[in-house]
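> Here's my sequence, what's the structure:
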Amino acid sequence: MLPLADVLSTLELTESGDGIFVAEQRDNPSHHIVGGHIAAQALMAASRTVDGRLPHSLHVYLLRAGDARYPVQMEVNKLRDGGSLSTRRVIGRQGDEVLLEALVSFSVPMDAADYQQDRPAVPDPETLPPVEEQLRAFADEAGGYWVRPQWIERRYIDPPPRLAIDLPEPPERTRMWWRPAAPVTDDPIINSCLLTYFSGTALLDTTVTMRRATQVTVFSALIDLAIWFHRPADLTDWVLSDQVSPSGINGRGLASATVYNRSGELACSATQEVYFGRARRD
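Residues are numbered from 1 along each chain as shown. Just a heads-up that it's a prediction; the model follows:
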(Lines give C-alpha, C1' and ligand atoms only; values in the text may rest on other atoms or scores of the structure.)
Protein backbone atom coordinates (compact mmCIF):
# COMPACT_ATOMS: atom_id res chain seq x y z
CA MET A 1 0.00 0.00 0.00
CA LEU A 2 1.41 3.40 -0.97
CA PRO A 3 1.97 6.10 1.66
CA LEU A 4 -0.29 9.15 1.34
CA ALA A 5 2.43 11.37 -0.15
CA ASP A 6 2.96 8.88 -2.98
CA VAL A 7 -0.78 8.52 -3.58
CA LEU A 8 -1.11 12.29 -3.96
CA SER A 9 1.97 12.56 -6.18
CA THR A 10 0.61 9.93 -8.58
CA LEU A 11 -2.56 12.02 -8.99
CA GLU A 12 -0.45 14.83 -10.49
CA LEU A 13 -0.82 13.64 -14.07
CA THR A 14 1.34 15.00 -16.88
CA GLU A 15 -0.52 16.21 -19.97
CA SER A 16 1.24 14.97 -23.12
CA GLY A 17 -1.32 15.99 -25.74
CA ASP A 18 -4.94 16.98 -26.27
CA GLY A 19 -6.82 14.79 -23.79
CA ILE A 20 -3.77 12.55 -23.21
CA PHE A 21 -2.31 12.24 -19.70
CA VAL A 22 0.55 10.20 -18.29
CA ALA A 23 -0.14 8.55 -14.94
CA GLU A 24 3.04 7.54 -13.13
CA GLN A 25 2.93 4.37 -11.02
CA ARG A 26 4.83 3.28 -7.91
CA ASP A 27 6.44 -0.14 -8.17
CA ASN A 28 5.97 -2.90 -5.59
CA PRO A 29 7.29 -6.45 -5.17
CA SER A 30 4.49 -7.97 -7.28
CA HIS A 31 4.60 -5.14 -9.88
CA HIS A 32 0.79 -5.07 -9.54
CA ILE A 33 -1.21 -1.89 -10.23
CA VAL A 34 -3.94 -1.61 -7.60
CA GLY A 35 -7.39 -1.29 -9.21
CA GLY A 36 -8.59 1.47 -6.90
CA HIS A 37 -5.41 3.45 -7.57
CA ILE A 38 -5.63 3.37 -11.36
CA ALA A 39 -9.38 4.11 -11.16
CA ALA A 40 -8.57 7.23 -9.14
CA GLN A 41 -6.04 8.27 -11.79
CA ALA A 42 -8.66 7.80 -14.52
CA LEU A 43 -11.04 10.04 -12.57
CA MET A 44 -8.32 12.68 -12.26
CA ALA A 45 -7.60 12.53 -16.00
CA ALA A 46 -11.29 13.05 -16.85
CA SER A 47 -11.53 15.91 -14.33
CA ARG A 48 -8.66 17.73 -16.04
CA THR A 49 -10.85 18.17 -19.14
CA VAL A 50 -13.89 19.70 -17.38
CA ASP A 51 -14.28 23.24 -16.02
CA GLY A 52 -16.70 24.33 -13.30
CA ARG A 53 -18.27 20.90 -12.80
CA LEU A 54 -17.61 18.17 -10.26
CA PRO A 55 -17.81 14.39 -10.73
CA HIS A 56 -21.03 12.78 -9.56
CA SER A 57 -20.51 9.26 -10.91
CA LEU A 58 -17.71 6.97 -12.05
CA HIS A 59 -18.02 3.56 -13.75
CA VAL A 60 -14.82 1.62 -14.37
CA TYR A 61 -14.03 -1.74 -15.92
CA LEU A 62 -10.58 -3.11 -15.09
CA LEU A 63 -9.54 -5.27 -18.04
CA ARG A 64 -5.91 -6.14 -17.32
CA ALA A 65 -3.64 -5.98 -14.28
CA GLY A 66 -0.93 -3.77 -15.76
CA ASP A 67 2.69 -3.42 -14.63
CA ALA A 68 3.53 -0.90 -11.91
CA ARG A 69 7.07 -0.47 -13.27
CA TYR A 70 5.71 1.59 -16.15
CA PRO A 71 3.38 4.60 -16.50
CA VAL A 72 -0.18 4.37 -17.79
CA GLN A 73 -1.44 6.59 -20.61
CA MET A 74 -4.93 7.96 -20.01
CA GLU A 75 -6.86 8.96 -23.14
CA VAL A 76 -9.89 11.16 -22.41
CA ASN A 77 -12.69 11.53 -24.96
CA LYS A 78 -15.26 14.30 -24.56
CA LEU A 79 -18.58 12.58 -25.17
CA ARG A 80 -20.92 15.36 -24.07
CA ASP A 81 -21.09 18.83 -22.55
CA GLY A 82 -24.74 19.64 -21.87
CA GLY A 83 -26.42 22.38 -19.88
CA SER A 84 -26.09 20.48 -16.60
CA LEU A 85 -24.04 17.34 -17.27
CA SER A 86 -20.72 16.49 -18.91
CA THR A 87 -19.57 12.97 -19.78
CA ARG A 88 -16.06 11.67 -20.45
CA ARG A 89 -14.73 8.31 -21.58
CA VAL A 90 -11.29 7.33 -20.31
CA ILE A 91 -9.12 4.55 -21.76
CA GLY A 92 -6.03 3.57 -19.78
CA ARG A 93 -3.24 1.90 -21.78
CA GLN A 94 0.21 0.46 -21.35
CA GLY A 95 1.66 0.09 -24.83
CA ASP A 96 -0.94 -1.64 -27.02
CA GLU A 97 -2.82 -3.16 -24.07
CA VAL A 98 -5.97 -1.54 -22.65
CA LEU A 99 -5.96 -1.76 -18.86
CA LEU A 100 -9.24 0.01 -18.13
CA GLU A 101 -12.20 1.79 -19.63
CA ALA A 102 -14.18 4.30 -17.61
CA LEU A 103 -17.15 6.62 -17.97
CA VAL A 104 -17.21 9.69 -15.73
CA SER A 105 -20.14 12.09 -15.40
CA PHE A 106 -19.90 15.64 -14.06
CA SER A 107 -22.66 18.02 -12.98
CA VAL A 108 -23.27 21.62 -12.00
CA PRO A 109 -24.79 22.63 -8.62
CA MET A 110 -28.53 23.33 -8.73
CA ASP A 111 -31.48 23.94 -6.42
CA ALA A 112 -33.35 20.64 -6.05
CA ALA A 113 -34.73 18.22 -3.46
CA ASP A 114 -32.01 17.20 -1.00
CA TYR A 115 -32.46 14.02 1.03
CA GLN A 116 -30.47 11.00 2.23
CA GLN A 117 -30.68 7.95 4.46
CA ASP A 118 -29.47 8.43 8.02
CA ARG A 119 -26.01 7.43 9.11
CA PRO A 120 -26.02 4.21 11.19
CA ALA A 121 -25.63 4.57 14.94
CA VAL A 122 -22.11 3.27 15.67
CA PRO A 123 -19.44 3.82 18.35
CA ASP A 124 -17.27 6.91 17.99
CA PRO A 125 -13.83 6.25 16.48
CA GLU A 126 -12.05 7.45 19.63
CA THR A 127 -13.60 4.53 21.53
CA LEU A 128 -12.13 1.96 19.12
CA PRO A 129 -8.55 0.67 18.90
CA PRO A 130 -6.42 1.29 15.78
CA VAL A 131 -6.38 -1.74 13.49
CA GLU A 132 -2.64 -2.15 14.09
CA GLU A 133 -3.40 -2.67 17.78
CA GLN A 134 -6.20 -5.12 17.00
CA LEU A 135 -3.85 -7.19 14.85
CA ARG A 136 -0.69 -6.88 16.94
CA ALA A 137 -0.72 -10.63 17.59
CA PHE A 138 -0.31 -11.19 13.84
CA ALA A 139 2.51 -8.67 13.35
CA ASP A 140 4.96 -11.38 12.23
CA GLU A 141 2.49 -13.03 9.86
CA ALA A 142 2.75 -12.59 6.07
CA GLY A 143 5.80 -10.36 6.32
CA GLY A 144 4.07 -7.83 8.56
CA TYR A 145 1.17 -7.34 6.13
CA TRP A 146 -1.45 -6.72 8.82
CA VAL A 147 0.38 -3.91 10.61
CA ARG A 148 2.13 -2.25 7.65
CA PRO A 149 1.80 1.54 7.33
CA GLN A 150 -0.97 2.66 5.00
CA TRP A 151 -2.16 5.94 3.53
CA ILE A 152 -5.26 5.78 5.72
CA GLU A 153 -5.85 5.15 9.40
CA ARG A 154 -8.57 2.59 10.17
CA ARG A 155 -10.68 1.78 13.21
CA TYR A 156 -12.97 -1.20 12.72
CA ILE A 157 -16.38 -1.50 14.36
CA ASP A 158 -16.79 -5.08 13.10
CA PRO A 159 -13.91 -7.58 13.07
CA PRO A 160 -11.40 -7.03 10.24
CA PRO A 161 -10.79 -10.01 7.93
CA ARG A 162 -7.86 -11.50 9.86
CA LEU A 163 -9.99 -11.69 13.02
CA ALA A 164 -13.26 -12.53 11.27
CA ILE A 165 -11.78 -15.65 9.66
CA ASP A 166 -11.51 -17.26 13.11
CA LEU A 167 -15.14 -16.56 14.08
CA PRO A 168 -17.84 -19.28 13.87
CA GLU A 169 -19.79 -17.11 11.40
CA PRO A 170 -18.64 -14.11 9.34
CA PRO A 171 -20.07 -10.72 10.36
CA GLU A 172 -22.89 -9.53 8.12
CA ARG A 173 -21.27 -6.11 7.66
CA THR A 174 -17.82 -4.57 7.75
CA ARG A 175 -18.02 -1.08 9.23
CA MET A 176 -14.98 1.05 9.80
CA TRP A 177 -13.99 4.63 10.53
CA TRP A 178 -11.13 5.88 8.36
CA ARG A 179 -9.24 9.06 7.53
CA PRO A 180 -6.08 9.99 5.63
CA ALA A 181 -2.91 9.36 7.61
CA ALA A 182 -1.85 13.00 7.13
CA PRO A 183 -3.63 16.30 6.36
CA VAL A 184 -4.90 16.65 2.78
CA THR A 185 -6.16 19.53 0.67
CA ASP A 186 -9.88 20.33 0.54
CA ASP A 187 -9.79 20.23 -3.28
CA PRO A 188 -13.04 18.40 -4.22
CA ILE A 189 -11.39 16.54 -7.11
CA ILE A 190 -8.60 15.19 -4.89
CA ASN A 191 -11.33 14.33 -2.39
CA SER A 192 -13.22 12.26 -4.98
CA CYS A 193 -10.03 10.54 -6.14
CA LEU A 194 -9.15 9.51 -2.58
CA LEU A 195 -12.69 8.17 -2.10
CA THR A 196 -12.20 6.16 -5.30
CA TYR A 197 -8.89 4.68 -4.17
CA PHE A 198 -10.37 3.84 -0.78
CA SER A 199 -13.50 2.22 -2.24
CA GLY A 200 -11.54 0.14 -4.72
CA THR A 201 -9.41 -1.38 -1.97
CA ALA A 202 -11.41 -1.38 1.29
CA LEU A 203 -14.46 -3.14 -0.16
CA LEU A 204 -12.28 -6.21 -0.60
CA ASP A 205 -12.49 -6.63 3.19
CA THR A 206 -16.16 -7.51 2.97
CA THR A 207 -15.89 -10.08 0.19
CA VAL A 208 -12.90 -11.94 1.62
CA THR A 209 -14.60 -12.01 5.03
CA MET A 210 -17.70 -13.65 3.55
CA ARG A 211 -15.46 -16.16 1.75
CA ARG A 212 -13.83 -17.07 5.08
CA ALA A 213 -10.46 -15.94 3.74
CA THR A 214 -8.08 -12.99 3.91
CA GLN A 215 -6.32 -10.79 1.38
CA VAL A 216 -3.09 -12.78 1.76
CA THR A 217 -4.61 -16.26 1.43
CA VAL A 218 -6.52 -15.82 -1.85
CA PHE A 219 -5.76 -14.24 -5.21
CA SER A 220 -8.16 -11.42 -6.08
CA ALA A 221 -8.54 -8.88 -8.86
CA LEU A 222 -10.93 -5.95 -9.10
CA ILE A 223 -13.20 -6.37 -12.13
CA ASP A 224 -15.40 -3.28 -12.02
CA LEU A 225 -16.16 -0.35 -9.76
CA ALA A 226 -19.03 2.16 -9.67
CA ILE A 227 -19.15 5.20 -7.40
CA TRP A 228 -21.72 7.96 -6.95
CA PHE A 229 -20.37 11.09 -5.30
CA HIS A 230 -23.17 12.76 -3.33
CA ARG A 231 -21.52 15.35 -1.07
CA PRO A 232 -17.88 16.24 -0.32
CA ALA A 233 -16.28 13.94 2.23
CA ASP A 234 -14.79 15.73 5.22
CA LEU A 235 -11.36 14.11 5.19
CA THR A 236 -10.16 16.35 8.00
CA ASP A 237 -12.13 14.06 10.35
CA TRP A 238 -13.05 10.40 10.57
CA VAL A 239 -15.32 9.04 7.81
CA LEU A 240 -17.58 6.00 8.25
CA SER A 241 -17.75 3.23 5.63
CA ASP A 242 -20.65 0.78 6.04
CA GLN A 243 -19.93 -2.23 3.80
CA VAL A 244 -21.86 -5.36 2.88
CA SER A 245 -21.35 -8.22 0.41
CA PRO A 246 -24.79 -9.47 -0.73
CA SER A 247 -23.55 -12.11 -3.18
CA GLY A 248 -20.64 -14.35 -4.09
CA ILE A 249 -20.96 -16.64 -7.12
CA ASN A 250 -18.84 -18.15 -9.92
CA GLY A 251 -15.64 -16.92 -8.34
CA ARG A 252 -16.90 -13.33 -8.04
CA GLY A 253 -17.74 -11.33 -4.94
CA LEU A 254 -20.04 -8.30 -4.98
CA ALA A 255 -19.71 -5.61 -2.31
CA SER A 256 -21.33 -2.23 -1.68
CA ALA A 257 -20.56 0.63 0.69
CA THR A 258 -22.18 3.81 1.90
CA VAL A 259 -19.68 6.38 3.16
CA TYR A 260 -20.69 9.07 5.64
CA ASN A 261 -19.04 12.12 7.13
CA ARG A 262 -18.84 12.09 10.89
CA SER A 263 -21.47 14.87 10.88
CA GLY A 264 -23.89 12.42 9.23
CA GLU A 265 -23.77 13.59 5.61
CA LEU A 266 -23.82 10.81 3.01
CA ALA A 267 -20.63 11.38 0.98
CA CYS A 268 -20.73 8.57 -1.57
CA SER A 269 -22.11 5.16 -2.51
CA ALA A 270 -19.88 2.52 -4.09
CA THR A 271 -20.30 -0.95 -5.56
CA GLN A 272 -17.63 -3.26 -6.92
CA GLU A 273 -17.11 -6.83 -8.07
CA VAL A 274 -13.94 -8.79 -7.37
CA TYR A 275 -12.72 -11.94 -9.09
CA PHE A 276 -11.18 -14.69 -6.98
CA GLY A 277 -9.06 -17.35 -8.63
CA ARG A 278 -5.57 -18.24 -9.79
CA ALA A 279 -3.38 -15.56 -11.35
CA ARG A 280 -2.94 -16.16 -15.07
CA ARG A 281 -2.19 -14.28 -18.28
CA ASP A 282 -4.64 -14.41 -21.14
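
> Let me know the secondary structure of residue 195.
Under DSSP: H, G, I helix; E, B strand; the rest coil, residue 195 falls in the helix class.

> Next, work out how far apart it and residue 184 are.
Distance from residue 195 to residue 184, counting by C-beta to C-beta, to the nearest Å: 11 Å. Any C-beta I mention is one placed from the backbone N, CA and C, and that applies to glycine too.

> Please say which of the two ends up with more neighbours.
Higher neighbour count among residue 195 and residue 184: residue 195, with 26 against 17, using other C-beta atoms under 10 Å.

> so residue 242 touches residue 173, yeah?
Yes - with contact defined as C-beta atoms under 8 Å, residue 242 and residue 173 form a contacting pair (6.5 Å).

> more neighbours, the two?
Under the criterion of other C-beta under 10 Å, the comparison of residue 242 against residue 173 puts residue 242 first, with 18 against 15.

> Show me what the more buried one bridges to in the sheet.
residue 175, residue 258 (DSSP bridges).

> OK, contacts around it?
120, 173, 175, 257, 258, 259, 260 (C-beta atoms under 8 Å, 6 or more residues apart in numbering).

> give me that answer again for 10 Å
Neighbour list for residue 242: 119-120, 122, 157-158, 173-176, 256-260 [criterion: C-beta atoms under 10 Å, 6 or more residues apart in numbering].

> ok, back up a step: who touches both of residue 195 and residue 184?
residue 235.

> ok, which stretches of the stretch 151-282 of the chain are strands?
152-156, 174-180, 220-229, 239-249, 252-261, 266-276 (DSSP state E, counting those that start in this stretch).

> same deal with the stretch 1-150 of the chain?
Under DSSP E, counting those that start in this stretch, the stretch 1-150 of the chain gives strands at 14-17, 20-23, 54-62, 72-81, 85-94, 97-107.

> The third one pairs with which strands, parallel or anti?
Within its sheet, strand 54-62 is paired with strand 97-107 (antiparallel), strand 220-229 (antiparallel), according to DSSP bridges.

> hey, what's the residue lying closest to residue 73 once chain neighbours are set aside bridged with?
With sequence-adjacent residues excluded and distances taken as C-beta to C-beta, 6 or more residues apart in numbering, residue 73 is closest to residue 93, at 4.9 Å. Using DSSP bridges, the beta-bridge partners of residue 93 come out as residue 73, residue 98.

> can you check the one 10 residues further on too?
Beta-bridge pairing of residue 103 under DSSP bridges involves residue 59, residue 89.

> Give the burial count for it, as a bare number.
18.

> Please list all residues in contact with it.
42, 46, 57-61, 77, 79, 87-90, 226 are the contacts of residue 103 under C-beta under 10 Å, 6+ apart.

> Rebuild the residues you listed as JSON lines, extending it with distance to residue 135, neighbour count and pLDDT.
JSON lines is the format used below for the contacts of residue 103 (distance: C-beta to C-beta, whole Å; neighbours: other C-beta atoms under 10 Å; pLDDT from 0 to 100):
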{"residue": "42", "distance to residue 135": "32", "neighbour count": "32", "pLDDT": "98"}
{"residue": "46", "distance to residue 135": "36", "neighbour count": "28", "pLDDT": "98"}
{"residue": "57", "distance to residue 135": "34", "neighbour count": "17", "pLDDT": "98"}
{"residue": "58", "distance to residue 135": "31", "neighbour count": "27", "pLDDT": "98"}
{"residue": "59", "distance to residue 135": "34", "neighbour count": "16", "pLDDT": "98"}
{"residue": "60", "distance to residue 135": "30", "neighbour count": "28", "pLDDT": "98"}
{"residue": "61", "distance to residue 135": "33", "neighbour count": "17", "pLDDT": "98"}
{"residue": "77", "distance to residue 135": "44", "neighbour count": "13", "pLDDT": "98"}
{"residue": "79", "distance to residue 135": "45", "neighbour count": "12", "pLDDT": "98"}
{"residue": "87", "distance to residue 135": "42", "neighbour count": "17", "pLDDT": "98"}
{"residue": "88", "distance to residue 135": "40", "neighbour count": "25", "pLDDT": "98"}
{"residue": "89", "distance to residue 135": "41", "neighbour count": "16", "pLDDT": "98"}
{"residue": "90", "distance to residue 135": "36", "neighbour count": "25", "pLDDT": "98"}
{"residue": "226", "distance to residue 135": "30", "neighbour count": "17", "pLDDT": "98"}
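
> Endpoints of stretch 202-221, how far apart?
With C-alpha to C-alpha, to the nearest Å applied, stretch 202-221 spans 13 Å between its terminal residues.
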